[in-house]
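>>> attaching a predicted model along with its sequence, questions to come.
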Amino acid sequence: MESSSCIYKDPNSPIEARVKDLLSRMTLKEKLVDYLVGSVMNAGGSAPFPNAKSSDWADMVDWFQKLALQSRLGIPIIYGIDAVHGNNGVYGTTIFPHNVGLGATRDADLVRRIGVATALEVRACGIQYTFAPCVAVCRDPRWGRCYESYSEDTNIVREMASIVTGLQGQPPEGHPNGYPFLAGRNNVIACAKHFVGDGGTHKGLNEGDTILSYEDLERIHMAPYLDCISQGVGTIMVSYSSWNGRQLHAHHFLLTEVLKDKLGFKGFVISDWEALDRLSKPLGSNYRHCVSTAVNAGIDMVMVGQKHREFMKDLIFLAESGEIPMTRIDDAVERILRVKFVAGLFEYPFADRSLLDVVGCKLHRELAREAVHKSLVLLKNGKDPKKPLLPLDRSAKKILVAGTHADDLGYQCGGWTIAWNGMSGRITIVDFDHLLEYSWVAKIAFASFSGCVCLWVSGCDVGTTILDAIKEAIGEETEVIYEKIPSPDTLASQDFSFAIVAVGEDPYAEFTGDNSELPIPFNGAGIISSVADKIPTLVILISGRPLVIEPWLLEKIDGLIAAWLPGTEGKGITDVIFGDYDFSGRLPVTWFRKVEQLPMNFKDNSDEPLFPLGFGLTCKAGNSFD
């Protein structure tokens, strides 16, 4: 081990002096791959073991950290996780609405507070880094990551970038623009993604091509990154997609000349998972060229996946041969070390166990519940404006609850919950006394540049379904009949005051969510129609994007709510439908009439939408915000 008198070990020395001192002590192999473990990333669907609690995660992360600190220079790891709507991969955490729902709130301070809560729950696991926020501007709901975008409107996305300050803390006045910032041990390093234009691909194809002039790319898709950079965001992840036919991971102009030089970003640029493999056809062929292209383009840290040994071998060869200049190597390592020093990892490398009590705490669950009721968008309230359906009578004698999504917490939370792709059922525990067992197989994948090893994990939570919330909200004398698909005999009953039908999408992530037709899955339209023919009906649509609602169906129903992917707090829905709060959500995206209209955005398309961007009714006045 090096002497304790080293500048890089002195917390009172300026960060840049510490970075330069440590860099000067590193060998080429230490810079590239070999100071044991440089970074660890959690891969979707993995966990330390089934139902691992935050304390178990902290044990695992600390084990990795101890391993890293045994290296010659004692450089700590950064451990990263996809905490994209809360620390959604860990047992007992709070699951917030996905970004599209938060965009409907238009509440930048709410989003900032969600960032604060998420950071605390991530830090309780000993984890210092989240791959969030996604600041994509989604221009086409056919895209499988639409729910990860706050809005089709660049200005709304820019407002929601306040989550960076929530995650990392508020930079002091005079903090240099572009320089990474972290307030302290209760904050986490954020990652703005996916640079740049991933929400604007042709026909909404995931990993597709964004065909735009540079001026439009800058105006529509790049602008939110300026807000993240001004808040001191520590890292930026590159998109799998292309711009005018050139893949972003190979784009020197955008990554180096624009992001680093023009915008002045001083944190590190990280690749997406196995993105380098995509730089060649067939996939992963001529891998050495892929490594050279990406690193020379400006990638500082690489999520390698399964090719860590090949990556290490190729990277060393490319550096020793000069194909990747030493100036490029040193720039990347400096950026990674800068973020580690800013994050205080050299002084506080291990988990702070005092934070364990905040995981899934009442305060955070109430915050998530607030986010749900503020995100709901009321699209229809009564067939006759003079006879609104909402708010519902909680003392009604008998009500019907139906639909595929009324009692399914997995559908309610969507993708990136428990597993990468999400799943159906009681994926989270209903209360702390009845723990749902679920199994995972730990998967460790490696990524390296300046020694980055990566792991991706998922877990369980506390949660309340829509049905649970309805049963809790109604009066003692009210009878609730629940049938996922109501029988003809049930529908023939004449004594229901009203019905609540919850339908929507099954969970998905990334390319698995690409959809060119966008119907309501699971015969959702048929279920709605059969109920609405017999009973006054409120439809709650659970989805990550607008779906096709045919005119005949819209005419049948009495009330329609876009609930997006609300997460674990179903009580946020009953808070509004029974009148404890009025609706305040506004559409963050344009709701099209038919897919043939797509792409359809508020400034670029004159075709008449079903509901325009910004539309949202209230109960009290019956008006729209639009």
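Arrived safely, thanks for sending. Because the structure is a prediction, the values reported are computed rather than measured. Numbering: from 1, shown residues only.
>>> now do the strands in the stretch 251-400 of the chain.
Ranges of strands within the stretch 251-400 of the chain are 268-270, 377-381, 398-402, based on DSSP state E, counting those that start in this stretch.
>>> now the helix or strand following the last one: mean pLDDT?
Meaning strand 398-402. Counting by DSSP states H and E, the next helix or strand C-terminal to strand 398-402 is helix 409-413. What helix 409-413 shows for mean pLDDT is 95.
>>> with only the CA atoms kept, save helix 409-413 in CSV.
Listed in CSV are the C-alpha atoms of helix 409-413, where the atom choice follows Å, rounded to 0.1, in the frame of the first residue of the first chain:
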residue,chain,number,x,y,z
LEU,A,409,-49.3,-5.1,-8.4
GLY,A,410,-46.9,-6.2,-11.1
TYR,A,411,-49.0,-4.7,-13.9
GLN,A,412,-49.4,-1.6,-11.7
CYS,A,413,-45.6,-1.1,-11.4
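>>> contacts for that helix?
With C-beta atoms under 8 Å, 6 or more residues apart in numbering as the test, helix 409-413 has contacts from 85, 88, 95, 404-405, 417-418, 422-428, 463-466, 504-507, 542, 565-568, 570. Glycine gets a C-beta too; all of them are placed from N, C-alpha and C.
>>> now Pro566. Its backbone dihedrals?
Main-chain torsions, Pro566, degrees, to the nearest 10: phi -80, psi -10.
>>> got a list of what it touches?
Residues counted as contacts of Pro566 (C-beta under 8 Å, 6+ apart) are Pro97, Gly101, Val372, Ser375, Leu376, Gln412, Cys413, Ile542, Gly572, Ile573.
>>> the first one and Val84 touch, don't they?
When you say that, I think you mean Pro97. No: using C-beta atoms under 8 Å as the test, Pro97 is too far from Val84 to be in contact (11.2 Å).
>>> looking at those two, which is more packed in?
Pro97 (31 against 24; other C-beta atoms under 10 Å).
>>> residue contacts, the more buried one?
Contacts for Pro97 (C-beta under 8 Å, 6+ apart) come out as His85, Ala368, Ala371, Val372, Ser375, Trp564, Leu565, Pro566, Gly567.
>>> and it, that one's in a helix?
No: assessed with DSSP: H, G, I helix; E, B strand; the rest coil, Pro97 is coil; it does not lie in a helix.
>>> from His373, how far off is it?
To His373, Pro97 is 10 Å away according to C-beta to C-beta, to the nearest Å.
>>> circling back to that earlier point, and the contacts of helix 409-413, which are buried?
Using 16 or more other C-beta atoms under 10 Å as the burial test, the contacts of helix 409-413 include 85, 88, 95, 404-405, 417-418, 422-423, 426-428, 463-466, 504-507, 542, 565-568, 570 as buried.
>>> narrow these to those in strands?
Judged by DSSP state E, the subset of these located in strands is Gly504, Ile542.
>>> let's see which of the buried ones among the contacts of helix 409-413 end up in helices.
Ile466 (DSSP state H).
>>> show me what contacts the closest residue to Gly126 other than its chain neighbours?
Leaving aside its sequence neighbours, Gly126 sits nearest to Ala351 (C-beta to C-beta, 6 or more residues apart in numbering; 3.1 Å). By C-beta under 8 Å, 6+ apart, Ala351 lies in contact with Ala58, Val61, Asp62, Arg123, Ala124, Cys125, Gly126.
>>> between the residues you listed, which sits nearest Lys307?
Val61 (24.2 Å; C-beta to C-beta).
>>> so what's the backbone phi/psi at the closest one?
phi -60, psi -40.
>>> three-state assignment of the nearest residue to it once chain neighbours are set aside?
Closest residue to Val61 apart from its sequence neighbours, by C-beta to C-beta, 6+ apart: Gly126 at 3.6 Å. Three-state assignment for Gly126 (three-state DSSP): coil.
>>> still on that earlier bit, farthest-apart pair in the contacts of Pro97, please.
The distance between the two most remote of these (C-beta to C-beta) is 13.1 Å, for Ala368 and Trp564.
>>> and the two? Which one has more around it.
The neighbour comparison of Ala368 against Trp564 (other C-beta under 10 Å) goes to Trp564, with 28 against 24.
>>> beta partners of the more buried one?
Beta bridges link Trp564 to Ile542 when assigned by DSSP bridges.
>>> from what I can see it touches His98, true?
Yes: the pair Trp564 / His98 is scored as a contact, 6.5 Å apart, by C-beta under 8 Å.
>>> overlap in contacts of the two?
Common contacts of Trp564 and His98 (C-beta under 8 Å, 6+ apart): Tyr147, Gly544.
>>> neighbours of the residue nearest to Ala343 when sequence neighbours are not counted, how many?
Counting by C-beta to C-beta, 6+ apart, the nearest residue to Ala343 once its immediate chain neighbours are dropped is Leu182, at 4.8 Å. For Leu182, the neighbour count with other C-beta under 10 Å is 24.
>>> might you report the residue contacts of Leu182?
Gln168, Gly169, Val188, Ile189, Gly232, Gly234, Val342, Ala343, Gly344.
>>> for the third one, phi and psi?
So that's Val188. According to degrees, to the nearest 10, Val188 has phi -130, psi 150.
>>> tell me the contacts of the closest residue to it other than its chain neighbours?
Spatial nearest neighbour of Val188, excluding adjacent residues (C-beta to C-beta, 6+ apart): Ala119 at 4.6 Å. Taking C-beta under 8 Å, 6+ apart, we find Ala119 in contact with Thr130, Gly166, Leu167, Gln168, Asn186, Asn187, Val188.
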